[in-house]
Structures are given as C-alpha cells and as structure tokens.
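In: The sequence and its predicted three-dimensional model are supplied below.
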Amino acid sequence: MEEVRIGVLVSGGGTNLQALMDACMEGEIHGRVVLVISNRDDAYALERAADMGIRGQFVSPRDYRGEDYDRELIRLLREEKVQLVVLAGYLRVLTPLFIDEYRDRIINIHPSLIPAFCGKGFHGERVHRAVLESGVKQTGATVHLVDEGTDTGPILLQETVSVLEDDTVESLQKRVLKLEHRILVKAVGEMCLELGNENIGGNHEASID
C-alpha cells in the first residue's frame, strides 16, 4: 500500500503541521506531506516545510477573485497528486468548489469541543478567551471533516482538558495545543489507512473551470 500524499493549508506558525511532518517521518502515519500552502507570505509554517525538504507555496489572495483562489489551490494540489487535505490553522473559508473537489478528504483541527465555541469568528486566542469568560469547567480539541459550513462537518475525534481556576488564555491555549497535536496525528493516521485501501484516483483530471 502506497503512502497517502498529504497537502496542508496553513496561515501561521505551523505547530500542528510540524506534528504531522514528524509523525510521518517516524512512521506513525502511513502518508507523506508533499505540499504546504499558505495564504500569508510571513507564515512560519513555510519555513518549517522548507526545513523538512517539503515544497512550500505562498498564494496571495489579493491576486485572485472569488473561486479563482481556490482554483489555484486545487491546481497546486493536483500537481503534487494530493489525496488528503489538512487544514492546520488555515484562516480562510473554503469555497464549495474546493470542498467538492476533496469531499470527505478535508480534515480540520479546532481548539474547542465542537459544537461549543466554534463557527464564524472563533479561532486562535478568541476561542480560549471565550471559554474562560463562559466559566465552563472543560474544553478540548476537535478534529472534523470539512463541509460547506463553518466547523459543522462530521466529528472524527475529540479530547477534553480541564479548565483550571488560575488559567490564562496563554496557559489554556498551551494545554489544548498538546491535545491538537495528538488527535490530529491520530485522525490523519486513521484517514490515511482508510484512503490507502480505496481507489482514490477520483476526479483529479477533470476540469475546474
């Protein structure tokens, strides 16, 4: 069974990307990250990819209109024969065009227990601040498939962590991030095993006009 070819979309530092690349190198995942795309040219994730010898690509949203941006992403992913797409801190909403191209093969990691503290506007520190302000005693992380909604796709994995009385946004974020790394690696590993046993040639030679 050949390794599944993974493409990762990022916008920031890329710690989840690093966890994935390390897990692939160590054989925890029967797959290989072959392409990293960022919508920001200053994303440190691109440097992480370069350090691992993986192709990194900045694609500026300013250069495209509407779905043309996602058409360019699809073109790049097709070039590398990507079979599984992972959103690792990617701060753009995917268009229906992109979702149709990789239906049920797009994974996202979110720093809360969906359906709590998710949806439009809930990302990064905003999630953890909202958790602390709400007074809940538990939070966590969720890996889910991506559909046309925001954080509405089927849940693949969740893990919880207690919210401590003296938690700050920073301390809570750090503990949740450890969960993110663990469950993202596990979910991607399981998906790669599933895809590796399927005929996933799909429609990648079809037109995207």
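Out: Nice, thanks for sending it over.
In: Can you check which helix is longest in this structure?
Out: As assigned by DSSP state H, the longest helix anywhere in the chain is helix 169-196.
In: pLDDT of stretch 72-89, averaged?
Out: What stretch 72-89 shows for mean pLDDT is 97.
In: what's the answer for stretch 167-182, then?
Out: 96.
In: Residue ranges in the protein under the pLDDT threshold?
Out: Within the chain, the stretches with pLDDT under 70 are 199-209.
In: any idea how far the residue nearest the centre of it is from residue 134?
Out: For the chain, the residue nearest the mean C-alpha position is residue 87 (1.9 Å; CA atoms, centre = their mean). Distance, residue 87 to residue 134, by CB to CB, to the nearest Å: 25 Å. For glycine as for every other residue, the C-beta is placed from the backbone atoms N, C-alpha and C.
In: now the strands for the protein?
Out: Listed in chain order, the strands of the chain (DSSP state E) span residues 4-10, 31-38, 55-58, 84-87, 106-110, 138-145, 155-162.
In: Could you look over the ones you listed and pick the most buried one?
Out: strand 4-10 (a mean of 26; mean count of other CB atoms under 10 Å).
In: Give the pairing partners of it; include direction for each.
Out: strand 31-38 (parallel), strand 84-87 (parallel) (DSSP bridges).
In: For residue 186, see how far away the nearest residue to residue 14 once chain neighbours are set aside is.
Out: Closest residue in space to residue 14, ignoring its immediate chain neighbours: residue 45 at 2.7 Å, by CB to CB, 6 or more residues apart in numbering. As defined by CB to CB, residue 45 lies at a distance of 21 Å from residue 186.
In: what's the answer for residue 197, then?
Out: 18 Å.
In: what's the answer for residue 90, then?
Out: Residue 90 is 20 Å from residue 186, by CB to CB.
In: So for these two, which residue has more residues nearby?
Out: Just comparing residue 90 and residue 186: by other CB atoms under 10 Å the higher neighbour count belongs to residue 90, 23 against 17.
In: In contact with residue 35: list those residues for me.
Out: Counting by CB atoms under 8 Å, 6 or more residues apart in numbering, residue 35 touches 7-8, 54-57, 76-77, 79-80, 82.
In: Pick out the most distant pair among those residues.
Out: 8 and 79 (14.9 Å; CB to CB).
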